[in-house]
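Student: with the sequence up front, the predicted model follows.
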Amino acid sequence: SLFIASEGMFFVAFFWAFFHNAFVIFSPGVTEWPPAGVEVLDPWDLPFLNTLILLLSGCTLTWAHHGCLEGKKKDLVQGLALTVGLGIIFLALQMYEYSHAAFGFADNIYSSTFYMATGFHGFHVFVGTVFLAVCLVRAMKDGFDAKQHFGLEAAAWYWHFVDVVWLFLFFAVYIWGGE
């Protein structure tokens, strides 16, 4: 839990940078947020779909965890496989969104904070997906049971943390920051 708290502080720093620049505008030529000329992404398009994907992945992971606790290997394996698949889909959609965004990383302070926050989150989704894929392989080899499943438990905590961070990103960066 200390690791997750320390990771949370990284995201607090990114949110701080985003909101500080939105409320206290110091950049030359910038008088509004987002800066004039920035074509923000529609939050109800890919970002909303990605939100649904991550929320669903939290459900499939919880299903897998309950499968482990109840000795239902099939539920454990299927839940983990779906969660890993949803993580991969999230990352693919995030890459698609980046490649089609009308602004680049170095265009202005808005785009820099946008890419830093969402990119750092995307990196955490990647790490979580790998972590869950390892759990999936272990689950298929009977590596977990109701009493011995710390790796799965740690992966679940991490994944739910990533889900919660995304909700903050979605509302702060895509909805509020895109007005």
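Tutor: Right, received. Where do you want to start?

Student: for stretch 100-115, what is the distance to the chain centroid?
Tutor: 18 Å (C-alpha atoms, centre = their mean, to the nearest Å).

Student: tell me the buried residues in that stretch?
Tutor: The neighbour-count check on stretch 100-115 (16 or more other C-beta atoms under 10 Å) flags 101, 103, 107-115 as buried. The C-beta positions use only the backbone N, C-alpha and C, and glycine is treated the same way.

Student: nearest to I175, of the residues you listed?
Tutor: Using C-beta to C-beta, F114 comes nearest to I175 of the buried residues of stretch 100-115, at 12.9 Å.

Student: how about that closest one, what does it touch?
Tutor: 18, 103, 173, 177 (C-beta atoms under 8 Å, 6 or more residues apart in numbering).

Student: quickly find the element holding it.
Tutor: With elements taken from DSSP states H and E, the one containing F114 is helix 109-140.

Student: again with N50
Tutor: helix 46-69.

Student: what are the C-alpha coordinates of that helix, in PDB please?
Tutor: Provided in PDB are the C-alpha atoms of helix 46-69 (Å, rounded to 0.1, in the frame of the first residue of the first chain):
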ATOM      1  CA  LEU A  46     -12.600   7.500 -27.200                       C
ATOM      2  CA  PRO A  47     -11.900   8.800 -23.600                       C
ATOM      3  CA  PHE A  48     -15.400   7.700 -22.500                       C
ATOM      4  CA  LEU A  49     -15.000   4.400 -24.300                       C
ATOM      5  CA  ASN A  50     -11.700   3.900 -22.500                       C
ATOM      6  CA  THR A  51     -13.400   4.800 -19.200                       C
ATOM      7  CA  LEU A  52     -16.000   2.100 -19.800                       C
ATOM      8  CA  ILE A  53     -13.200  -0.400 -20.700                       C
ATOM      9  CA  LEU A  54     -11.300   0.300 -17.500                       C
ATOM     10  CA  LEU A  55     -14.400   0.100 -15.300                       C
ATOM     11  CA  LEU A  56     -15.300  -3.200 -17.000                       C
ATOM     12  CA  SER A  57     -11.800  -4.500 -16.400                       C
ATOM     13  CA  GLY A  58     -12.200  -3.700 -12.700                       C
ATOM     14  CA  CYS A  59     -15.300  -5.900 -12.700                       C
ATOM     15  CA  THR A  60     -13.600  -8.800 -14.500                       C
ATOM     16  CA  LEU A  61     -10.600  -8.600 -12.200                       C
ATOM     17  CA  THR A  62     -13.000  -8.700  -9.200                       C
ATOM     18  CA  TRP A  63     -14.700 -11.700 -10.700                       C
ATOM     19  CA  ALA A  64     -11.300 -13.400 -11.100                       C
ATOM     20  CA  HIS A  65     -10.400 -12.600  -7.500                       C
ATOM     21  CA  HIS A  66     -13.600 -14.100  -6.200                       C
ATOM     22  CA  GLY A  67     -13.000 -17.100  -8.400                       C
ATOM     23  CA  CYS A  68      -9.600 -17.600  -6.700                       C
ATOM     24  CA  LEU A  69     -11.100 -17.200  -3.200                       C
END
